[in-house]
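Visitor: after the sequence you'll find the predicted model.
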Amino acid sequence: MAQYFNISGEQTQQLLAPGDNIGVNKIYLTNVQKVAKCKVDLYIEKKLKGRFYLLKGVELPIGSTLLYENVSFSNAANEFGLYIKLTDGASFTITGSIDVTGTNTDVPGSGTEFISELSAGDEIVVSGETRTISAITGDTTATVTEAWGSDLANDTSVECNPTALVDVIIN
C-alpha cells in the first residue's frame, strides 16, 4: 500500500521508522511550490551504522516529479529508517505592493499576483516585518498567521521567502 506525505518548510523529517516493515520499491518526489525550486536529500539511517544517501542536494524544479526506482532496504525492527531533508528556494521580490493598515492579519495588495506567486507557509517581509502566509483568497488579498505590529507604509519591494513544498509517495 502506498504511503503519502506532504512535506513543507526547511526541515528534516522521518518518513519511515525502523520497524514499520514497509516494502519500498519506488519513491516519487513532486515539487508543488508555485514559484521556487527546492533541494532534496533522501537518505536511510541506522543507529551505529550511519547515514546512506539515496539522493543528496538534488534540485527539484517547479512542478517536477522525480521517480527513484529499485529502492531496496530493510525497514524491519532495528534496521533502517527513511528520512527526507528539504531546503527552501531562493527569496524573490513579489509583483506589486502591499499597504498594511492596522494591527490585523490582512495582506492588502495592489497590482500583486498572490495566487501565482505565493503559497500558504511562505514568509513575506513587509517594511521590515516578517510574517507567514496562512491563506490566499485572491491576487490582491491574503492573510498571515500573526497580526502586523502597526500601520506599515506602502511597500513596493516585498520579499518572499518561499517554503519548500514536496509531495512524497512511497510504494
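Guide: Ah, there it is. Just so it is clear, the model here is predicted, and its values are computed rather than measured.
Visitor: which residues in this structure form helices?
Guide: With DSSP state H as the criterion, the chain has helices at 114-117.
Visitor: break it down into its domains, please.
Guide: 3-89+166-170, 97-155 (automatic domain parsing).
Visitor: now those domains as a markdown table including mean neighbour count and mean pLDDT?
Guide: (Glycine included, C-beta is placed from N, CA and C.) What follows is the domains of the chain, written out as a markdown table (neighbours: other CB atoms under 10 Å; pLDDT from 0 to 100):
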| stretch | mean neighbour count | mean pLDDT |
| --- | --- | --- |
| domain 3-89+166-170 | 16 | 90 |
| domain 97-155 | 16 | 91 |
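Visitor: ends of stretch 114-134, what's the gap?
Guide: Start-to-end span of stretch 114-134 (CA to CA, to the nearest Å) is 12 Å.
Visitor: try stretch 37-52
Guide: Span of stretch 37-52 from end to end, CA to CA: 24 Å.
Visitor: all further residue positions should be reported with the first residue as 525.
Guide: In the new count, where the first residue is 525, that last one comes out as stretch 561-576.
Visitor: Gly587 against Asn555, yeah?
Guide: Yes: using CB atoms under 8 Å, Gly587 is in contact with Asn555, at 6.4 Å.
Visitor: give the contact list for Thr536.
Guide: Taking CB atoms under 8 Å, 6 or more residues apart in numbering as the criterion, Thr536 is in contact with Tyr607, Ile608, Lys609, Leu610.
Visitor: rerun at 6 Å
Guide: Neighbouring residues of Thr536 by CB atoms under 6 Å, 6 or more residues apart in numbering: Lys609.
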